[in-house]
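Participant: quick one: sequence and predicted model below, then my questions.
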Amino acid sequence: MGLLLLPLFTVFLFFSFSSAELSSKAGVNYGQLGNNLPTPAESVKLIQSLKAESVKIYDANPKILHALRNTDLQVSIMVPNEIISNISSNQSLADSWVKSNVIPFYPETKIRYLLVGNEVISSTTKETWYNLVPAMRKIKKSLKDSELRKIKVGTSMAMDVLQSSFPPSNGTFRSDIAIPVIKPMLQFLNRTKSFYFVDVYTYFPWSMDPLNIHLDYALLQSRNITYTDPVSKLTYTNLFDQMIDAVIFAMKRLGYPDIRIWIAETGWPNGGDRDQIGCNIYNAATYNRNIVKKLTAKPPIGTPARPGSILPSFIFALYNENQKPGAGTERHFGLLYPNGTKVYGIDLSGETPLSEYPPLPKPKNDKPYKGKIWCVVANVANKTAIASALSYACSQGNKTCDPIQPGKECSKPDSLIRHASYAFSSYWAQFRAAGGTCYFNGLARQTAKDPSYGRCKFPSVTL
């Protein structure tokens with residue numbers, strides 16, 4: 001598939017229109033899944049200190065929207081996944097949502113984007129998938145009826161909506177959603193001149209295949225690593241561009257080659273679990289500085305399939321959020337620690353030269369850890385929660401907790417913490433390959449120190 005060559009005048013008109021409407025400054029995602037985060041008012045000041053152009057929140061938190069009043073920050077708010085199906089069949093409910101969550105704050109709070117759901121295809125049921133576009137239409141009608149015409153309606157998609165992404169020219173949406181969900185969504189975005197909001201993380205494909213994907217290629221750091229698409233003949237110098245262009249070709253395949261892209265999330269984890277590679281401050285700073293430099297370049301760089309196009313963006317995320325579930329990386333994407341200090345120097349305007357940042361700590365986990373790991377209790381304060389987690393772990397597997405039963409080799413001492421640690425390790429050893437994690441709502445941690453004692457041998461994961 002060859003690159004469509006537009007006449008120079010057409011390119012100039014498109015570039016001029018896009019540049020006049022969009023800023024190339026990066027924004028930031030403001031997540032709230034932490035019990036130790038600064039107040040909304042303090043957070044807004046921190047966002048401004050990062051020189052962000054815009055901010056995306058994952059709801060319509062009134063305290064945050066109030067704190068954003070009379071600032072220059074453009075704001076993206078979100079309809080939660082849980083009410084998409086109800087809104088899809090009820091215009092009155094859509095009207096009520098807009099009346100409660102938009103009108104009281106607009107225009108003092110510069111709400112410019114309203115996303116209906118977050119990664120709906122990846123995290124909800126098929127019923128919600130099919131209700132997504134009807135809900136987007138109803139929210140758009142509510143905004144129009146309220147004369148809020150400046151607010152664009154969209155939804156965010158992860159990369160797993162693609163059935164094929166390599167080579168980029170073979171980008172194709174999944175067959176189960178392409179026609180019933182994606183095509184009507186693209187039609188809506190095209191008609192309303194909105195954006196395809198996409199979450200793009202080069203960390204995940206690299207961490208799953210570090211032997212075949214060079215780390216520098218994922219970090220936008222490579223100087224001599226390139227890949228040429230055998231069909232389009234476009235040459236790539238980084239993984240980010242490949243991923244974006246796969247989406248562009250997928251949209252083109254459905255008949256919508258010109259819908260604009262908005263990077264709804266991108267980033268790199270600054271920490272994680274022992275069994276996760278490359279999640280460190282050095283790589284996080286390198287990626288985020290490089291991606292900001294690329295996205296804020298003047299004139300715009302774009303991608304090989306869309307050279308010179310602006311890619312507006314939200315960097316993920318404002319804070320390390322200690323209550324995010326899942327693997328350790330999920331809690332370590334922040335530009336800031338919860339106390340408001342920077343994890344590393346970053347300027348989202350892209351104006352600070354890379355040479356002006358201080359040296360970074362050298363990475364220590366760019367290669368996979370080799371050895372045994374156990375999963376043990378991390379937080380001994382909440383014994384009620386630990387007892388509940390112990391019960392859960394023991395109920396999941398085949399003989400997961402047999403050794404801690406009365407009279408067995410791990411029954412003594414009769415300690416909640418020791419029993420829970422055994423159960424966590426046993427559960428994780430059984431279910432890690434199927435996606436099980438050593439987390440247990442923040443009650444567990446990984447350790448390379450064998451917690452076994454006497455005749456009691458704890459199961460482990462061997463890497």
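Facilitator: Looks like it arrived, so ask away.
Participant: every contact and neighbour count from this point should use C-alpha atoms.
Facilitator: Will do.
Participant: show me the helices in the stretch 101-250 of the chain, by range?
Facilitator: Assigned by DSSP state H, counting those that start in this stretch, the stretch 101-250 of the chain shows helices spanning 120-123, 126-145, 183-191, 203-208, 215-218, 239-253.
Participant: dump the ones you listed to JSON lines, plus mean pLDDT.
Facilitator: Formatted as JSON lines, these follow (pLDDT from 0 to 100):
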{"stretch": "helix 120-123", "mean pLDDT": "96"}
{"stretch": "helix 126-145", "mean pLDDT": "97"}
{"stretch": "helix 183-191", "mean pLDDT": "98"}
{"stretch": "helix 203-208", "mean pLDDT": "97"}
{"stretch": "helix 215-218", "mean pLDDT": "98"}
{"stretch": "helix 239-253", "mean pLDDT": "98"}
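Participant: my guess is Val292 meets Ala26, correct?
Facilitator: Yes. Val292 is in contact with Ala26 according to Cα atoms under 8 Å; the separation is 6.6 Å.
Participant: out of the two, which sits in the busier spot?
Facilitator: Shown here are Val292 and Ala26; by other Cα atoms under 10 Å, Ala26 has more neighbours (26 against 23).
Participant: measure that one to Asn290 for me?
Facilitator: 12 Å (Cα to Cα, to the nearest Å).
Participant: same check, this time on Ile315
Facilitator: 12 Å.
Participant: the two - which one has more neighbours?
Facilitator: Ile315 (27 against 17).
Participant: which one is that one nearest to, not counting chain neighbours?
Facilitator: With sequence-adjacent residues excluded and distances taken as Cα to Cα, 6 or more residues apart in numbering, Ile315 is closest to Val28, at 4.6 Å.
Participant: the one you found: what secondary structure?
Facilitator: Following DSSP: H, G, I helix; E, B strand; the rest coil, Val28 is assigned to strand.
Participant: all the helices of the stretch 301-450 of the chain, residue numbers only.
Facilitator: For the stretch 301-450 of the chain, applying DSSP H, counting those that start in this stretch gives helices covering 383-396, 416-431.
Participant: out of these, which is the most enclosed?
Facilitator: Highest mean neighbour count of the helices of the stretch 301-450 of the chain: helix 416-431, a mean of 24 (counted as mean count of other Cα atoms under 10 Å).
Participant: that helix - contacts with which helices or strands?
Facilitator: strand 372-377, helix 383-396 (3 or more Cα pairs under 8 Å, 6 or more residues apart in numbering; DSSP states H and E).
Participant: between it and helix 383-396, how many degrees?
Facilitator: Relative orientation of helix 416-431 with respect to helix 383-396: 40 degrees, computed using axes from the mean of the first three to the mean of the last three Cα atoms, to 10 degrees.
Participant: could you export helix 416-431 as PDB, CA atoms only?
Facilitator: The C-alpha coordinates for helix 416-431 follow below in PDB (Å, rounded to 0.1, in the frame of the first residue of the first chain):
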ATOM      1  CA  LEU A 416      -1.800 -14.900  60.100                       C
ATOM      2  CA  ILE A 417       1.100 -13.200  58.400                       C
ATOM      3  CA  ARG A 418       3.000 -16.400  57.700                       C
ATOM      4  CA  HIS A 419       0.000 -18.200  56.600                       C
ATOM      5  CA  ALA A 420      -1.000 -15.400  54.200                       C
ATOM      6  CA  SER A 421       2.500 -15.200  52.800                       C
ATOM      7  CA  TYR A 422       2.500 -18.900  52.100                       C
ATOM      8  CA  ALA A 423      -0.900 -18.600  50.400                       C
ATOM      9  CA  PHE A 424       0.200 -15.600  48.400                       C
ATOM     10  CA  SER A 425       3.300 -17.400  47.100                       C
ATOM     11  CA  SER A 426       1.400 -20.600  46.400                       C
ATOM     12  CA  TYR A 427      -1.400 -18.700  44.500                       C
ATOM     13  CA  TRP A 428       1.100 -16.700  42.500                       C
ATOM     14  CA  ALA A 429       3.200 -19.800  41.600                       C
ATOM     15  CA  GLN A 430       0.100 -21.500  40.300                       C
ATOM     16  CA  PHE A 431      -1.600 -18.600  38.500                       C
END
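Participant: quickly find the element holding the nearest residue to Ile111 once chain neighbours are set aside.
Facilitator: With Cα to Cα, 6+ apart as the criterion, Ile111 has its nearest non-adjacent residue at 4.6 Å, and that residue is Val75. Using DSSP states H and E, the element containing Val75 is strand 74-79.
Participant: and the angle from that strand to helix 126-145?
Facilitator: Using the same axes, to 10 degrees: strand 74-79 against helix 126-145 is 130 degrees.
Participant: helices and strands around strand 74-79, which ones?
Facilitator: Counting by 3+ Cα pairs under 8 Å, 6+ apart, the packing neighbours recorded for strand 74-79 are strand 54-57, strand 110-118.
Participant: who does the shortest one pair up with?
Facilitator: Right, strand 54-57. According to DSSP bridges, strand 54-57 has the following sheet partners: strand 27-30 (parallel), strand 74-79 (parallel).
Participant: what does the last one give?
Facilitator: Its sheet considered, strand 110-118 pairs with strand 74-79 (parallel), strand 152-157 (parallel) by DSSP bridges.
Participant: make CSV out of the ones you listed and add distance to Arg260.
Facilitator: Formatted as CSV, those follow (distance: least, Cα to Cα, whole Å):
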stretch, distance to Arg260
strand 74-79, 16
strand 152-157, 11
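Participant: how about a markdown table for these, with mean neighbour count, mean pLDDT and distance to Glu108 added?
Facilitator: Output for the strands paired with strand 110-118, formatted as a markdown table (neighbours: other Cα atoms under 10 Å; pLDDT from 0 to 100; distance: least, Cα to Cα, whole Å):
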| stretch | mean neighbour count | mean pLDDT | distance to Glu108 |
| --- | --- | --- | --- |
| strand 74-79 | 22 | 98 | 11 |
| strand 152-157 | 23 | 98 | 17 |
